[in-house]
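Asks: predicted model, plus sequence, below.
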Amino acid sequence: MAILNINIENADEKTLIKYNEIFAALIKVGGLSGVKNGKTIIHFNHQGDFMGVQLDYWPYRRRKKIK
């Protein structure tokens with residue numbers, strides 16, 4: 001198991017817990033390194049609370065036909 005250390009200046013405990021939840025979700029679903037030719041969308045509600053991660057990519061796409 002690897003440990004990732006990020007230094008965030010002037011962040012309170014509540015903010016650090018929020019960031020930890022977001023990063024953990026992104027890593028778990030492959031949103032940081034598992035999406036190729038697509039995008040990762042982080043969703044928040046109207047109060048700014050983290051709600052989820054959406055992955056948008058094509059797992060299969062027909063390539064140009066070879067003539």
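Replies: Received it, and whenever you're ready, just let me know what you need.

Asks: secondary structure class for the residue nearest to the spatial centre of the chain?
Replies: Nearest to the geometric centre of the chain sits residue 26, at 3.3 Å (C-alpha atoms, centre = their mean). Judged by DSSP: H, G, I helix; E, B strand; the rest coil, the three-state class of residue 26 is helix.

Asks: do you know how far it is from residue 41?
Replies: Shown here: residue 26 relative to residue 41, a distance of 11 Å by C-beta to C-beta, to the nearest Å. Just so you know, the C-beta spots here come from the backbone N, C-alpha and C atoms, and that holds for glycine as well.

Asks: overlap in contacts of the two?
Replies: Shared contacts of residue 26 and residue 41, defined by C-beta atoms under 8 Å, 6 or more residues apart in numbering, comprise residue 53.

Asks: any idea of the mean pLDDT in the helix or strand where residue 21 lies?
Replies: Assessed by DSSP states H and E, residue 21 sits inside helix 13-29. The pLDDT scores in helix 13-29 average 94.

Asks: residue 22 touches residue 51, doesn't it?
Replies: No. Residue 22 is beyond contact range of residue 51, at 10.3 Å (criterion: C-beta atoms under 8 Å).

Asks: dihedrals phi and psi, residue 41?
Replies: Phi and psi for residue 41, reported as degrees, to the nearest 10, are phi -120, psi 130.

Asks: got a pLDDT number for it?
Replies: Model confidence at residue 41, expressed as pLDDT, equals 97.
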